[in-house]
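# The following block contains a protein sequence and its predicted model.
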Amino acid sequence: MAPSRAPSTTRRTLHYFWLVTRKHLGLFATLMTATFLFVALLSYGNPYVMSLVVDRVSAGSVAPDEVFSVFGPYIAALILINVAGQAASKVQDYAMYRLQIAASYDLATMSFDALSNQSMSFHSNRFGGTLVSQTTKFMSAYQLLLETIIDQWKQNLGLENIQLTQYVIGTAIGSFYDLSYDLFAITWETDVLPTDIMEAMVTGGEVNYGIWSDAQFDSLVEQAINELEPDKQAELTAQAEQIFLDNAAILPLYENGVTGAVQSYVEGFQMSATSSGYQFNHLVVHK
């Protein structure tokens, strides 16, 4: 008996895309209908009406006082076709945008849940549930931290009716972009280079979940990234950072302590004070 072959990558990709697409059949149907109308009206409707106009002109001349009565219906049809076609195009764009967000969210959730289950199974099977225990402790501590922050908001800002909801990142990622929240908190490990975090927060940045945007900030970050002179880059970065802080695009809540140890014969070792990142540009090993 011949061994069964695994499905091709293309087939599996289409399979998973259909799994998430069929959860949103309303959007999918809207997208298909709008696409059909857009193509039918603008690609076929316009040429058809124009052919009728050409046929009418070829059939014979039209008296000046009859131009509007003869060609008016054709003009009205062209206007109606173009308006309806453009409207279908906008509906197509909107449906595609919403379906893409929904499908990406579902795919991210599926991937994260699958990886989490694999990781949990691996650690619980081999280390007696240590990872599960540590995760539970961390989540309890994080819950206490958020409850403390909420209590401070109530006392110092007079805010009431604050609802706290916790998600794993795979579930929450869709909510980041549809702005279905007033505030959200997320753990984030910064990088060694000061331009890295700022590059991520420019308009359309990969972790700019709040969709914050500032043209001057974007310009300064781009100049800093392309600047080769360290002092000039530091000056541009400082200017961009000030705009970033003034706009309160992110409110840092706390930082974990970081400890590093090196041998006595190692010099120039640099480690970020706010992350586990390292920089080896000036590292020297005397051995």
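That came through, no problem. Here the structure is a predicted model, which is why all the values come from computation and not from measurement.

# just checking, residue 99 touches residue 24?
Yes. The pair residue 99 / residue 24 is scored as a contact, 5.9 Å apart, by C-beta atoms under 8 Å. In short, each C-beta sits where N, CA and C put it, glycine included.

# where does the stretch 101-250 of the chain dip in pLDDT?
Filtered on pLDDT under 70, the stretch 101-250 of the chain yields the residue ranges 112-143, 166-180, 188-195, 249.

# Quick check: buried residues in the strand or helix carrying residue 39?
Under the criterion of DSSP states H and E, residue 39 resides in helix 25-39. Neighbour counts over helix 25-39 (16 or more other C-beta atoms under 10 Å) mark 27, 28, 30, 31, 34, 35, 37, 38 as buried.

# cool, stretch 196-212 as well?
197, 198, 199, 201, 202, 205, 208, 209, 212.

# got the CA positions of it in CSV?
Below are the C-alpha coordinates for stretch 196-212, written out as CSV (Å, rounded to 0.1, in the frame of the first residue of the first chain):
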residue,chain,number,x,y,z
ASP,A,196,13.6,50.8,16.5
ILE,A,197,10.7,51.5,18.8
MET,A,198,10.0,54.9,17.0
GLU,A,199,10.1,53.2,13.6
ALA,A,200,7.4,50.8,14.8
MET,A,201,5.2,53.8,15.8
VAL,A,202,5.2,55.8,12.6
THR,A,203,2.0,56.0,10.6
GLY,A,204,1.1,52.4,9.6
GLY,A,205,3.9,51.0,11.9
GLU,A,206,3.7,47.3,12.7
VAL,A,207,2.8,47.8,16.3
ASN,A,208,1.0,51.1,16.0
TYR,A,209,-2.2,49.5,17.3
GLY,A,210,-3.8,52.8,18.3
ILE,A,211,-3.4,54.1,14.7
TRP,A,212,-1.6,57.2,16.0
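
# Can you show me the helices along this structure?
Assigned by DSSP state H, the helices in the chain fall at 9-21, 25-39, 46-59, 67-127, 130-157, 169-178, 194-200, 215-226, 230-246.

# Just put those helices in CSV and tack on distance to residue 186.
Formatted as CSV, the helices of the chain follow (distance: least, C-beta to C-beta, whole Å):
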stretch, distance to residue 186
helix 9-21, 24
helix 25-39, 27
helix 46-59, 49
helix 67-127, 14
helix 130-157, 11
helix 169-178, 8
helix 194-200, 13
helix 215-226, 20
helix 230-246, 17
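
# and of those, who's closest to residue 283?
Residue 283 lies closest, by C-beta to C-beta, to one member of the helices of the chain: helix 230-246, at 17.4 Å.

# Report the buried residues of stretch 81-97.
Across stretch 81-97, burial judged by 16+ other C-beta under 10 Å covers 81, 84, 85, 88, 89, 91, 92, 95.

# Kindly confirm whether my reading is correct that the fifth one touches residue 39.
So the one you mean is residue 89. No. In this structure, residue 89 is not within contact of residue 39 by C-beta under 8 Å, at 9.8 Å.

# who's in contact with residue 98?
Contact analysis of residue 98 by C-beta atoms under 8 Å, 6 or more residues apart in numbering lists 24, 27.

# For it, give its distance to residue 253.
32 Å (C-beta to C-beta, to the nearest Å).

# can you check residue 282 too?
32 Å.

# do residue 263 as well
From residue 263 to residue 253 the distance is 35 Å (C-beta to C-beta).

# ditto for residue 211
Residue 211 is 20 Å from residue 253, by C-beta to C-beta.

# Also residue 151?
14 Å.

# check contacts around the closest residue to residue 27 other than its chain neighbours.
In space, and not counting its chain neighbours, residue 27 is closest to residue 99: 4.4 Å by C-beta to C-beta, 6 or more residues apart in numbering. Residue 99 makes contacts with 21, 24, 27, 28, 31, as judged by C-beta under 8 Å, 6+ apart.

# And the pLDDT for the first one?
Going back to what we said before, that points to residue 21. Note for residue 21: predicted pLDDT of 85.

# now do the fourth one
pLDDT, the model's per-residue confidence, is 89 for residue 28.

# okay but it is in contact with residue 18, surely?
No. Taking C-beta under 8 Å as the definition, residue 28 is not a contact partner of residue 18, at 9.8 Å.

# Could you report the separation of residue 73 from residue 16?
Residue 73 is 50 Å from residue 16, by C-beta to C-beta.

# got it, and residue 270?
For residue 270 relative to residue 16 (C-beta to C-beta), the value is 42 Å.

# just residue 67 next, same as before
Counting by C-beta to C-beta, the gap from residue 67 to residue 16 is 59 Å.
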